[in-house]
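Peer 1: dropping the sequence and predicted coords here.
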Amino acid sequence: KNDSIIHKFSIFMWNMLDACESGSIGGDASRMNAVLSAAANDILDTPSHHERIKHLLGLTVAIRRHGLVAFLQRGDPESGRSIFAGIAKEWKKFNEVDLDPSAYNISDDFRKFARDYCEGLQQMLKNAQETHGEYATKYNFNYIRIPRPKRANNAQKENADQSSSSSATSGEKRKSADEGSTAKKKKPSEAMKLIERISSVEGVPEDEVYDSCPELRTKIKAFLEREGMTKTNLCVAWGNINHNSLNRFLSAVDQNQSGNATYKAGYIFFEKLRILEGKPKSSERLWNEKQIPSGFDFSKPKGGRPESYLFARDLMGY
């Protein structure tokens, strides 16, 4: 229906993406990233299953029909992976075979329509390089869980015929191997040793931030390039912040997500790293201190995200 939430939201999102195409490919891709990230975040935060899945379908339809040419050619791959993974994960929940249909209160026709568009989007993202050239980025979009085939139980039958002495010997070997494996797991990696040294640095103020969000994102991405370093390491080191919080911060643009816990925790961490390595303050840092003596605002706005992330929320009621 032309007056449905799905139709209205898909048209709205298509117009938003179309409006992004007003300059260079790189600029278009950056604007599309902001639009996709804001819409996806707001939709996934919607409490109602029924409303969330309808708006998610509207977004999926808009993305598929628009094509995202600039974003696939010049968009930030890490941000794209985060956006599409979040959308696909929600569709995977929706497509669970044992899910109670009443949770979403939708029809079988809706399910078929949704699956058709999800499959179309999956193919579009998968074939990005074939469609737009070798420098385009292709993405996974696993919107449905594919059951794995059951393994044959022949091995179990053979094990049942083994003698008790053989089983005991095998059990001792496994126990020894497990103990050795546990000992290896407990040994801190070089990456974790570095994080521990950084975290032990003292004297860094915790009530001021002098890196902008884009500057901090650059530092985080560069740090993750170090051998053995993972996002999980950082989430734990920064007070067990949520993985989604870190991904949202990395996929945002400008000062969006300045109220995210990642911003303050990450700044303190890299300031400690600077001190540990004995490096001077960068020219950008000195300029920020001069122009913004009190530092950047990292407080969380009342009501949640900054207004730039609420454009989709305003359409939830229609």
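Peer 2: Ah, there it is.

Peer 1: and residue 6, how close does it get to residue 59?
Peer 2: With the distance defined as Cβ to Cβ, to the nearest Å, residue 6 ends up 10 Å from residue 59. Just so you know, the C-beta spots here come from the backbone N, C-alpha and C atoms, and that holds for glycine as well.

Peer 1: these two - which one has more neighbours?
Peer 2: The neighbour comparison of residue 6 against residue 59 (other Cβ atoms under 10 Å) goes to residue 59, with 25 against 20.

Peer 1: and residue 196, how many neighbours?
Peer 2: Residue 196: 11 neighbours (other Cβ under 10 Å).

Peer 1: how about it: what's its closest non-neighbour residue?
Peer 2: Of all residues not flanking residue 196 in the chain, residue 188 sits nearest, at 7.2 Å (Cβ to Cβ, 6 or more residues apart in numbering).

Peer 1: go ahead and confirm that neighbour touches residue 194.
Peer 2: No. Contact criterion Cβ atoms under 8 Å: residue 188 and residue 194 do not qualify, at 9.7 Å.

Peer 1: compare these two (neighbour count), which wins?
Peer 2: Higher neighbour count among residue 188 and residue 194: residue 194, with 19 against 10, using other Cβ under 10 Å.

Peer 1: what helix or strand is the more buried one on?
Peer 2: Residue 194 belongs to helix 190-199 when assigned by DSSP states H and E.

Peer 1: now do that helix: distance to the chain's middle.
Peer 2: The chain centre lies 24 Å from the centre of helix 190-199; the measure is Cα atoms, centre = their mean, to the nearest Å.

Peer 1: report pLDDT for residue 128.
Peer 2: Note on residue 128: pLDDT of 89.

Peer 1: what number of residues are in the vicinity of it?
Peer 2: 21.

Peer 1: for it, list the residues it contacts.
Peer 2: 72, 136-139 (Cβ atoms under 8 Å, 6 or more residues apart in numbering).

Peer 1: mind checking which of the residues you listed are in helices?
Peer 2: In this view, the contacts of residue 128 that belong to helices under DSSP state H are residue 72.

Peer 1: tell me the secondary structure at residue 241.
Peer 2: When classified by DSSP: H, G, I helix; E, B strand; the rest coil, residue 241 comes out as coil.

Peer 1: I'd say it and residue 263 touch.
Peer 2: No. Taking Cβ under 8 Å as the definition, residue 241 is not a contact partner of residue 263, at 10.3 Å.

Peer 1: which of these two has more residues huddled nearby?
Peer 2: residue 263 (25 against 18).

Peer 1: which residue sits closest to the more buried one, ignoring its sequence neighbours?
Peer 2: Nearest to residue 263 is residue 298, by Cβ to Cβ, 6+ apart, at 5.0 Å.

Peer 1: what pLDDT is listed against that neighbour?
Peer 2: For residue 298, the model assigns a pLDDT of 91.

Peer 1: any idea how far residue 274 lies from residue 191?
Peer 2: From residue 274 over to residue 191 (counting by Cβ to Cβ), the distance is 18 Å.

Peer 1: now swap in residue 141 and tell me
Peer 2: Residue 141 sits 30 Å away from residue 191, taking Cβ to Cβ as the criterion.

Peer 1: cool, and residue 51?
Peer 2: 42 Å.

Peer 1: helices of the stretch 151-300 of the chain, start to end?
Peer 2: Along the stretch 151-300 of the chain, counting by DSSP state H, counting those that start in this stretch, helices occupy 154-161, 164-186, 190-199, 213-223, 231-237, 243-251, 261-277, 283-291.

Peer 1: how many neighbours does the closest residue to residue 58 other than its chain neighbours have?
Peer 2: Nearest residue to residue 58 in three dimensions, chain neighbours excluded: residue 9, at 3.2 Å (Cβ to Cβ, 6+ apart). Counted by other Cβ under 10 Å, the residues lying close to residue 9 total 24.

Peer 1: same check on the one 10 residues further on?
Peer 2: Number of residues near residue 19 (other Cβ under 10 Å) recorded here: 12.

Peer 1: tell me the contacts of it?
Peer 2: Neighbour list for residue 19: residue 31 [criterion: Cβ under 8 Å, 6+ apart].

Peer 1: and if you look at residue 284?
Peer 2: Per Cβ under 8 Å, 6+ apart, neighbours of residue 284: 211-212, 215.

Peer 1: 7 Å instead, please
Peer 2: Shown in contact with residue 284 (Cβ atoms under 7 Å, 6 or more residues apart in numbering): residue 215.

Peer 1: how close does the one residue sitting closest to the centre of the chain get to residue 37?
Peer 2: Among the residues of the chain, the one closest to the centroid is residue 82, at 3.2 Å (Cα atoms, centre = their mean). Counting by Cβ to Cβ, the separation of residue 82 from residue 37 is 8 Å.

Peer 1: thank you, goodbye.
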